[in-house]
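[1] heads up, no residue letters with this:
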């Protein structure tokens, strides 16, 4: 990896933390270029209010590295205080069968559901049908689901890893959990249900930062020079 990065004319990372680590590791420049996937369709117009029956959504790969096991344990704890709460897992992965069995053992069949993989239309519907999005990942820098949740005006409960925690704090679009520890995660989920955190102004600034057009300009200016302007042909 080091050889490839050192041999590249331009190096990009999808988070500030990742860019800093590359710079400190290899002593080379690394530019922020966000990962972003626009949601297709009409986005929800309002942020969910506080609720005694909150609907939580996990969307992504069902894998131990994503913190899905800890999320199920956290929900089991949290739902004792809010018995009307529900948790929906949307996505596929190697841990899905075991997690389903664990949910049954914990007696959560009435409040936890597993949808499996879905298409783009169903993804937007999943955001519409939830109040809060939980991202308990242990290793990601800035997961795509984060930008999707922000687009859909859904507050995020996220682990303090990579750039996720920093971006949630900076733009006030959710609550940061210190780690994927079930007790800490349960407390953050309960706190969000009682008092949702989501800034409309922060959302606007964040989406501007993550805008694919702005990212393309960043890439081209790094590759072709600071004088690059959209729509102007690049001389050979």
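    Nice, I can see it. Just so you know, these numbers come straight off a predicted model, no measurement behind them.
[2] can you confirm residue 158 is in a helix?
    No. Judged by DSSP: H, G, I helix; E, B strand; the rest coil, residue 158 forms no part of a helix; its state is strand.
[3] which regions of this protein sit below the pLDDT cut-off?
    By pLDDT under 70, the low-scoring segments of the chain are 15, 215, 218, 222-223, 225-236.
[4] can you map out the helices along it?
    For the chain, the helices defined by DSSP state H occupy 2-7, 16-26, 68-78, 96-105, 120-128, 144-151, 164-171, 182-194, 200-210, 212-224.
[5] and the shortest one, what does it pack against?
    Here helix 2-7 is seen to pack against helix 16-26 when contacts are counted using 3 or more C-beta pairs under 8 Å, 6 or more residues apart in numbering; DSSP states H and E. Just so you know, the C-beta spots here come from the backbone N, C-alpha and C atoms, and that holds for glycine as well.
[6] can you list the buried residues in the helix it packs on?
    16, 17, 18, 19, 22 (16 or more other C-beta atoms under 10 Å).
[7] what of stretch 137-157?
    137, 140-143, 145-157.
[8] with stretch 202-211 instead?
    Of all the residues in stretch 202-211, those buried under the rule 16+ other C-beta under 10 Å are 202, 203, 206, 207, 209, 210.
[9] wait, what's in contact with the residue most central in space within the chain?
    Residue closest to the average C-alpha location in the chain (C-alpha atoms, centre = their mean): residue 146, at 2.5 Å. Residues in contact with residue 146 (C-beta atoms under 8 Å, 6 or more residues apart in numbering) are 135, 156, 158, 164, 167.
[10] now do residue 213: how many residues are near it, please.
    Counted by other C-beta atoms under 10 Å, the residues lying close to residue 213 total 8.
[11] wait, residue 11
    Neighbours of residue 11 using other C-beta under 10 Å come to 19.
[12] in contact with the closest residue to it other than its chain neighbours, which residues?
    Spatial nearest neighbour of residue 11, excluding adjacent residues (C-beta to C-beta, 6 or more residues apart in numbering): residue 30 at 4.6 Å. Counting by C-beta under 8 Å, 6+ apart, residue 30 touches 11, 12, 13, 18, 19, 20, 22, 23.
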